[in-house]
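Student: have a look; sequence and predicted model below, questions after that.
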Amino acid sequence: MRVHNFSAGPAALPESVINEVREELPVYRDAGASVMEISHRSPQYTAIAESARTRMRSLLGIGDDWHVLFLHGGASTQFYQVPLNFLPEGATADYVDTGAWSAKAIKEARSVGNVNLAASSKEGNYTFIPSRGDWDVTPGAAYLHFTSNNTIHGTEYHVDPQVEAPLVCDASSDFLSRPIDMAGYGLIYAGAQKNLGPAGVTVVLVHDSFLAKRKDGVPTILDYRTHAEKLFHTPTVFAVYVVEKVLAWIEANGGLTGMAALNREKGALLYNRLDRTDFYRGTARPDSRSLMNVTFRLPSEDLEAEFVREAAKAGLAGLKGHRSVGGIRASTYNAVGMDSVSALVAFMDDFEARRG
Ligand SMILES: Cc1ncc(COP(=O)(O)O)c(C=O)c1O
């Protein structure tokens, strides 16, 4: 039996994708072997990767001036790779600190070059996105880095930052959950394991004009140009194969506007439930609430532990908050359906009626 899966990542995938993968697993189309057993230079894999790139560009409404890269190393490698390529000596990069993942990106960037902390919500326990009016940005900054959705703290930007510098975004936990106006961006990266597919592949979109600014002397494997120009080494074939199917599923379900509508609907149901009584307490400030990770507390840690235990027994999995902050976290990525959110709300009602 498949549970209602609220895991923060690796996370729920569309059931139809899982079924397609199962069908094709022993023999991939005309390959005579599974997709895991064929060359990454075979016509079959080449077609899969090309289709994934085409679908990605079509969903985002972008052209060939955007490179779509499928890299190894997770978003955590991007924390270092971005400044290594784009933060030259004498320049400054602006960073906005909205959570544990932003802080890790900042630490890596500082090991490479000059970082200006444009804004931070650390003093407020990362419960909000600092408003743009309070940011201290650097004129002529190499780029401004931000984390569009803060997986651990349950906050999300509701509007893209408006700054002069090219935007660099860690979109690991909300990529393709809504349309993005790509005009202000230089680079976006996302580990696949939340909204896009299985763990293993990191999707990086880099604009041609931004790529042109990369530094010389970057080690070959960490130089974005290496991967923009050719298939340099063995990619994560199986993960890219699944990502291609998830992109097709997004297309078939209304594209990014369809995803945004569904995510708004799920978010409204869950946040309205949280706000209905004082038993559940949302941790994010209402103007910064995430539609991907809904974080909340109960009156005591004992009740929280019980909530997670009983929910699991009722077929609602992955609700324990991140170990660094505790509480409850319901991750409601694209593939988590209304049926799962409704089941969670019904469980919350029942739990409160018994324990409130
Ligand atoms: C926003 C964000 N950035 C970065 C990471 C780290 O990703 P990875 O484990 O792929 O390095 C995560 C992981 O959960 C995340 O949520």
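Tutor: Nice, I can see it.
Student: for the residue in the stretch 201-350 of the chain that the ligand sits nearest to, name its beta-bridge partners.
Tutor: Nearest residue of the stretch 201-350 of the chain to the ligand (C-beta to the nearest ligand atom) works out as residue 202 at 6.4 Å. Backbone N, C-alpha and C define where each C-beta goes, glycine included. Judged by DSSP bridges, the bridge partners of residue 202 are residue 71, residue 191.
Student: OK, contacts around it?
Tutor: Contacts for residue 202 (C-beta atoms under 8 Å, 6 or more residues apart in numbering) come out as 70, 71, 72, 73, 74, 75, 77, 78, 189, 190, 191, 192.
Student: ok, the second one - contacts?
Tutor: For residue 71, the contacting residues are 77, 201, 202, 203, 204, 227, taking C-beta under 8 Å, 6+ apart as the criterion.
Student: if we can go back for a sec, tell me the pLDDT of the residue of the stretch 201-350 of the chain closest to the ligand.
Tutor: Turning to residue 202, the model gives it a pLDDT of 98.
Student: and for residue 1?
Tutor: Predicted confidence (pLDDT) for residue 1: 87.
Student: tally of neighbours for the closest residue to it other than its chain neighbours?
Tutor: Closest residue to residue 1 in three dimensions, ignoring its sequence neighbours and counting by C-beta to C-beta, 6 or more residues apart in numbering: residue 315, at 7.3 Å. Using other C-beta atoms under 10 Å, residue 315 has 14 neighbouring residues.
Student: let me see the contact set for residue 315.
Tutor: Residues in contact with residue 315 (C-beta under 8 Å, 6+ apart) are 1, 3, 4, 343.
Student: same question, residue 10
Tutor: 193, 194, 198, 199.
Student: just give the number of residues close to residue 67.
Tutor: Residues near residue 67, counting by other C-beta under 10 Å, number 19.
Student: for PyMOL, what selects the buried ones among the contacts of residue 10?
Tutor: Buried residues within the contacts of residue 10, by 16 or more other C-beta atoms under 10 Å, are selected in PyMOL with:
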select buried, resi 193+194+198
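Student: ok, which pair from the contacts of residue 10 is furthest apart?
Tutor: 194 and 198 (10.7 Å; C-beta to C-beta).
Student: for residue 51, what are phi and psi?
Tutor: phi -60, psi -40 (degrees, to the nearest 10).
Student: who touches the residue nearest to it when sequence neighbours are not counted in this structure?
Tutor: Excluding the flanking residues, the one nearest residue 51 by C-beta to C-beta, 6+ apart is residue 244, at 5.4 Å. By C-beta under 8 Å, 6+ apart, residue 244 lies in contact with 48, 49, 51, 52, 55.
Student: which phi and psi values does residue 320 adopt?
Tutor: Backbone geometry at residue 320, expressed as degrees, to the nearest 10, gives phi -70, psi 130.
Student: surely it touches residue 328?
Tutor: Yes. At 7.2 Å, residue 320 and residue 328 qualify as touching, with contact defined as C-beta atoms under 8 Å.
Student: what's the overlap in contacts for the two?
Tutor: Common neighbours of residue 320 and residue 328 (C-beta under 8 Å, 6+ apart) are residue 308.
Student: let's test this: mean pLDDT of stretch 299-318, rounded?
Tutor: 98.
Student: mind checking which of the contacts of residue 315 are in helices?
Tutor: Taking DSSP state H, the ones among the contacts of residue 315 that sit in helices are residue 343.
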